[in-house]
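Student: Quick one: sequence plus predicted model below, questions after.
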Amino acid sequence: MKLKVLHIIVGLIISICSFGQTDTEFWFGAPAITPGHENTPIVFRITSYENPAVVTISEPANAAFVPIVINLAANSTITQDLTAYINSIEAKPSATVLNYGILITSTANISAYYEVG
């Protein structure tokens, strides 16, 4: 019983003190997916908070990548599919330093995460 109460107290403290990643700028390097595993679709899920945001997804080292601009209403989420760009986004071969990198900027605080499959 004491252990159960301790787990509840620790869980409450962690949930009160934890913070998600919220910012106006994110750099992201997409890992190469293990061969034989599903590697598409690849998407970014972007969420705004109390303010609307103009979000730009770019790949600064790749002049051929046309930046994607998204007008995101306040308190909303969008899924941006980047599967068409997989060959210039995934870091292949693995364990190699490459200049692949996605830059996400925003005019207001957002959360962003990358999802495969």
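Tutor: Here it is on my side, so go on.
Student: Please count neighbours and contacts with C-alpha atoms only from this point.
Tutor: Will do.
Student: Tell me the strands beside the lengthiest strand in the chain, with direction?
Tutor: Ranked by residue count and defined by DSSP state E, the top strand of the chain is strand 102-116. With DSSP bridges as the test, strand 102-116 is paired with strand 23-28 (antiparallel), strand 42-48 (antiparallel), strand 53-58 (antiparallel).
Student: list the buried ones in it?
Tutor: 102-106, 108-112, 114 (16 or more other CA atoms under 10 Å).
Student: one step back: now for the strands paired with strand 102-116, which one comes closest to residue 98?
Tutor: Taking CA to CA, strand 23-28 is the member of the strands paired with strand 102-116 nearest to residue 98, at 12.5 Å.
Student: Just the mean pLDDT for the closest one, thanks.
Tutor: Averaging pLDDT along strand 23-28 gives 91.
Student: So what's the gap between the longest strand of the chain and the chain middle?
Tutor: Strand 102-116 sits 5 Å away from the centroid of its parent chain (CA atoms, centre = their mean, to the nearest Å).
Student: And for it, what's in contact with it?
Tutor: 20-29, 38-49, 51-60, 89 (CA atoms under 8 Å, 6 or more residues apart in numbering).
Student: that older thread, closest one of the buried residues of strand 102-116 to residue 78?
Tutor: Checking those one by one against residue 78 (CA to CA), the nearest turns out to be residue 112, at 9.7 Å.
Student: what is that closest one paired to in the beta sheet?
Tutor: residue 46.
Student: how near is it to residue 98?
Tutor: As judged by CA to CA, to the nearest Å, residue 112 and residue 98 stand 22 Å apart.
Student: Repeat that for residue 87.
Tutor: 13 Å.
Student: Same drill for these two, tell me which one is more crowded.
Tutor: Higher neighbour count among residue 87 and residue 98: residue 98, with 13 against 10, using other CA atoms under 10 Å.
Student: That one is in contact with residue 90, isn't it?
Tutor: No: with contact defined as CA atoms under 8 Å, residue 98 does not reach residue 90; the gap is 10.0 Å.
Student: follow-up on the earlier one: could you dump the buried residues of strand 102-116 into CSV with distance to residue 64 and pLDDT added?
Tutor: Listed next are the buried residues of strand 102-116 as CSV, based on distance: CA to CA, whole Å; pLDDT from 0 to 100:
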residue, distance to residue 64, pLDDT
102, 13, 91
103, 15, 94
104, 17, 95
105, 19, 97
106, 21, 97
108, 27, 97
109, 28, 95
110, 26, 96
111, 26, 94
112, 23, 91
114, 21, 85
